[in-house]
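S.K.: here is my input; please provide its structure:
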Amino acid sequence: MASNYFKYLAVPTPSEHNWSGNDENDYYLQDPEQLFDELPQPFRMIDKLIGRIIENACEVIEKREGEREAERLKKKIPLCESSEEIQVSGNVNCLASSADGNYIFAGLSEGVAVLSMEDHTVKNVWKTEDIEFVALQVKSVGSQLYLLAGVDDMGLAHLLFYYSDIFSSIKVFNASENISERNACSKFELSDGGDYAGVTLEAKGETWLEVYRLMKDNWVQELDQFTKLLELIESSEISNKQVSLPNPQDIKWTPPSLVMKVRPKQITDCIWKNPFDALQKLDDGSIIGTGQNHVITTQQWNGEKRIFEDMYETYLSKDTTEQSEEKQSQPTIHFLNLGRLLPVGLEQKTQVGLPNDLCVWWNGSHVLFHYILKIPGVKEKIDVEPKANIVWPNASPITCSAVETCASLLAISLTDGTVTLWDLYMGLPISVLAVSVDSAIRSLHILESSYCVPSASSNGHSNAQVLATCKSGAVYLITANAHTEGTITALKKRNEAPGKAISAVAPVPQLSSQFLLILTDGTVSLLDSKDGDALCHYVLPFPHTVAFPWKPVFAFDRDGSFLFIKGDNKISNQTPDQEESNSSLFAFSLLSFYPLDKCTKMKELPQPPTQTTWEQRCEQFLQERLKSVMRRNEEMTKCWHQLQHHAMLIRQGEGFKEDSTTNRMLNKST
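M.R.: Predicted coordinates for the structure are as follows:
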């Protein structure tokens, strides 16, 4: 009985071979469009013609794209081989080129090496057995005078001075006799010109930024005294006497002075008993606050957190390992020149030509802070932990930023893929563009910009090009203009192939439309920023490959004529100790294989304004305002025309409705 019961309840599988012709035509589920009535003539014919035009257009587009891709594949990308190999004693961990183009400094496992750009040879080596530099930055402070900011493998921040084959250590900022109490340095940066230094320190789960004023003028005088003493000892008058030569390490340098200490701003629990106490501690209202002074209790924070987690439970990750292993917040800083945002300092003669604005943002933070860098007077007290003078909140956390060389253009990218360009001198946003939706932006580079600090004879500038690289491997070119809508050009699509992620992107100095792209598989290419086509590939001689392709060691000279990149010998009979004793740097000529000299564009860095009075500055701002009157009038006229056209369309629509209503009433009456 049970078998027969299930036998009669079995549902047969659907099939179409038993259908008759009439039933098939009436079965509307085969074609969902038959649910709707057919269009009457002549609309049915128009619909067919439009569909045919669209299909033909799609076929033409696919054909042209196929032909273009075939031509691109037929085009052979030239290979450029290394012009020479430079042997450096020691393991090269980092490279940094000087702004004057005379030297490239290499951070070694035991000191620093100096490479001359005239003949590409090692000019000098400063050896120290206990210092291995892993990060290095160089700033030129005068004729043949250089300041070096280096971080070693133990997290110590070293400030060095180099002049005419003389190395001297000025200061180790976080030196401590007790290693357990030592603060680790994660970043060490210098301002252009070597006037300020920013040191990021970490200790006991906290991170903070210390900004120092560098006494480079005093150091030049102290070095001059040392060189005179050295010449006096080596002179012929006392050459016969046995006098020991002075050691450059014994020079007593003027110590840098601490300007400010910045810590990440975090919203904590309420520390006030009532709103009246909180209002008394509020600022004067001249800037947007950071949210520190509030009257939200701990119970309210916890309640809002529970409501948020319950509402978005499906979107929140249950894995808490990432939160426990989350790195400490790191700051990104930019030293900015004088501008309209923070005009303080123009009235001081000692401040002209120096940075006056420190721009800081922390990882995972929505806010960008601006602090005034002002040289205090003789009797003026310094607030070591000042409040931010300007606070810029954003809709999403900041991922990366870039500043123009003259510090007049600032580019900021957010986690939602939005890029905002700011004219720092005018204090206004130039453009806000949604570049990437599915991937965050990892780096920004300003390729070319005519936004600069204007002088008294400036006619105004408005163009900017920014190169944006996403974590997915896509590369975009952003072209922004203050008066028109910005454009986004995709230079490279996201890379789906494993092992070919982007490890480094760098614009070539003095070249207007080229940038270098290095992949994790060791591919080094020079690309055109106009269309993203590869101009050439740089190949190291066999059996060498790019050393650490996921974090390559490379540098350009100042003119962008040569590329220096570290290589490893994959087929070597040497022991690991012997391999670390020497490093190979390969030099590639960027102008030998491909005629890039036609694209070379020398740029002169614009100088900050030299006005020292409020009257001159107000006069210049008034002239700029008068120049924009015509443009504002045109925009106003265009806006009025649009409003008139919109009002006319509304009137026509209302008249059509009245006519249709009248016709319906007449039909009913008849």
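S.K.: going forward, measure contacts between C-alpha atoms and count neighbours the same way
M.R.: OK.
S.K.: so what's the most centrally placed residue in the chain closest to, chain neighbours aside?
M.R.: Geometric centre of the chain, nearest residue: residue 444, 3.2 Å, by Cα atoms, centre = their mean. In this structure, residue 444 finds its nearest non-sequential neighbour in residue 468, 4.8 Å apart by Cα to Cα, 6 or more residues apart in numbering.
S.K.: again with residue 363
M.R.: Using Cα to Cα, 6+ apart, the closest residue to residue 363 is residue 329 (5.1 Å).
S.K.: report the contact partners of that neighbour.
M.R.: The neighbours of residue 329, taking Cα atoms under 8 Å, 6 or more residues apart in numbering as the test, are 207, 264, 362-364.
S.K.: let me have those residues in JSON lines, extended by secondary structure.
M.R.: Shown next, in JSON lines, are those (DSSP: H, G, I helix; E, B strand; the rest coil):
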{"residue": "207", "secondary structure": "strand"}
{"residue": "264", "secondary structure": "coil"}
{"residue": "362", "secondary structure": "strand"}
{"residue": "363", "secondary structure": "coil"}
{"residue": "364", "secondary structure": "coil"}
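S.K.: residues of stretch 524-542 that come out buried?
M.R.: Neighbour-count burial for stretch 524-542 flags 524-529, 532, 534-540 (criterion: 16 or more other Cα atoms under 10 Å).
S.K.: farthest pair within the residues you listed?
M.R.: 529 and 540 (24.0 Å; Cα to Cα).
S.K.: before we move on, back to that, any chance of the contacts of residue 329 in CSV, plus distance to residue 170, pLDDT and neighbour count?
M.R.: What follows is those, written out as CSV (distance: Cα to Cα, whole Å; pLDDT from 0 to 100; neighbours: other Cα atoms under 10 Å):
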residue, distance to residue 170, pLDDT, neighbour count
207, 24, 91, 20
264, 29, 87, 17
362, 29, 92, 22
363, 31, 90, 17
364, 34, 86, 16
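S.K.: between those, which is closest to residue 382?
M.R.: When the contacts of residue 329 are ranked by distance to residue 382 (Cα to Cα), residue 264 comes first, at 20.0 Å.
S.K.: wait, the closest one touches residue 362, no?
M.R.: Yes. Using Cα atoms under 8 Å, residue 264 is in contact with residue 362, at 6.7 Å.
S.K.: returning to what we had before: residue contacts, the residue nearest to the centre of the chain?
M.R.: Contacts for residue 444 (Cα under 8 Å, 6+ apart) come out as 400-402, 411, 413, 466-469.
S.K.: repeat for residue 132
M.R.: Applying Cα under 8 Å, 6+ apart, the residues near residue 132 are 107-111, 152-153.
S.K.: quick one: which of those is nearest to residue 117?
M.R.: Looking across these and measuring by Cα to Cα, the closest to residue 117 is residue 107, at 16.6 Å.
S.K.: would you list the phi and psi of that closest one?
M.R.: phi -80, psi 120 (degrees, to the nearest 10).
S.K.: check residue 32 and give its pLDDT.
M.R.: Residue 32 is assigned 57 on the pLDDT scale.
S.K.: returning to what we had before: who wins for neighbours among the contacts of residue 444?
M.R.: residue 413 (28 neighbours; other Cα atoms under 10 Å).
S.K.: lowest-pLDDT helix or strand in this protein?
M.R.: Using mean pLDDT, DSSP states H and E, helix 321-324 stands out as the lowest-scoring helix or strand of the chain, at a mean of 40.
S.K.: which secondary structure element contains residue 370?
M.R.: strand 367-372 (DSSP states H and E).
S.K.: ok, now residue 230?
M.R.: helix 216-233.
S.K.: CA atoms only: put that helix into CSV for me.
M.R.: C-alpha atoms of helix 216-233 as CSV (Å, rounded to 0.1, in the frame of the first residue of the first chain):
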residue,chain,number,x,y,z
LYS,A,216,70.5,75.0,10.8
ASP,A,217,71.9,78.5,10.8
ASN,A,218,73.8,77.8,14.0
TRP,A,219,75.0,74.5,12.7
VAL,A,220,76.5,76.2,9.6
GLN,A,221,78.5,78.5,11.8
GLU,A,222,79.6,75.7,14.1
LEU,A,223,80.7,73.6,11.1
ASP,A,224,82.5,76.6,9.7
GLN,A,225,84.5,76.9,12.9
PHE,A,226,85.3,73.3,12.8
THR,A,227,86.6,73.5,9.2
LYS,A,228,88.8,76.5,10.1
LEU,A,229,90.3,74.7,13.0
LEU,A,230,91.0,71.7,10.7
GLU,A,231,92.7,73.9,8.1
LEU,A,232,94.7,75.6,10.9
ILE,A,233,96.0,72.2,12.2
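S.K.: give the buried residues for that helix.
M.R.: Buried residues in helix 216-233, counted by 16+ other Cα under 10 Å: 216, 219-220, 223, 226, 233.
S.K.: a markdown table for these, including distance to residue 136 and pLDDT?
M.R.: Converted to a markdown table, the buried residues of helix 216-233 look like this (distance: Cα to Cα, whole Å; pLDDT from 0 to 100):
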| residue | distance to residue 136 | pLDDT |
| --- | --- | --- |
| 216 | 19 | 87 |
| 219 | 20 | 87 |
| 220 | 22 | 85 |
| 223 | 22 | 84 |
| 226 | 26 | 82 |
| 233 | 34 | 75 |
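S.K.: A helix includes the residue nearest to the centre of the chain, no?
M.R.: No. Remark: residue 444 does not belong to a helix; assigned using three-state DSSP, it is strand.
S.K.: report pLDDT for it.
M.R.: pLDDT recorded at residue 444 is 92.
S.K.: the one 5 residues further on now?
M.R.: For residue 449, the model assigns a pLDDT of 61.
S.K.: same check on residue 407?
M.R.: Per-residue confidence at residue 407 stands at 62 (pLDDT).
S.K.: helices or strands up against the helix or strand where residue 421 lies?
M.R.: Assigned by DSSP H and E, residue 421 falls within strand 418-423. The contact analysis (3 or more Cα pairs under 8 Å, 6 or more residues apart in numbering; DSSP states H and E) places strand 418-423 against strand 409-414, strand 428-434.
S.K.: so the residue nearest to the centre of the chain versus residue 466, what's the distance?
M.R.: 7 Å (Cα to Cα, to the nearest Å).
S.K.: which neighbours do these two share?
M.R.: Contact with both residue 444 and residue 466 is made by residues residue 411, according to Cα under 8 Å, 6+ apart.
S.K.: and the host helix or strand of residue 61, how far out from the chain middle?
M.R.: Following DSSP H and E, one finds residue 61 within helix 43-74. Mean C-alpha position of helix 43-74 versus that of the full chain (Cα atoms, centre = their mean, to the nearest Å) differs by 39 Å.
S.K.: can you list the strands that the helix or strand following it pairs with?
M.R.: Beyond helix 43-74 in the direction of the C-terminus, DSSP H and E gives the next helix or strand as strand 79-81. Take DSSP bridges as the rule and strand 79-81 pairs in its sheet with strand 534-539 (parallel).
S.K.: now the strand it pairs with - C-alpha only, CSV.
M.R.: Taking C-alpha atoms only, strand 534-539 is exported to CSV below (Å, rounded to 0.1, in the frame of the first residue of the first chain):
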residue,chain,number,x,y,z
ALA,A,534,53.5,51.0,-21.3
LEU,A,535,56.3,52.9,-22.9
CYS,A,536,59.1,50.4,-22.0
HIS,A,537,60.0,47.7,-19.5
TYR,A,538,63.2,47.9,-17.5
VAL,A,539,65.0,44.5,-17.3
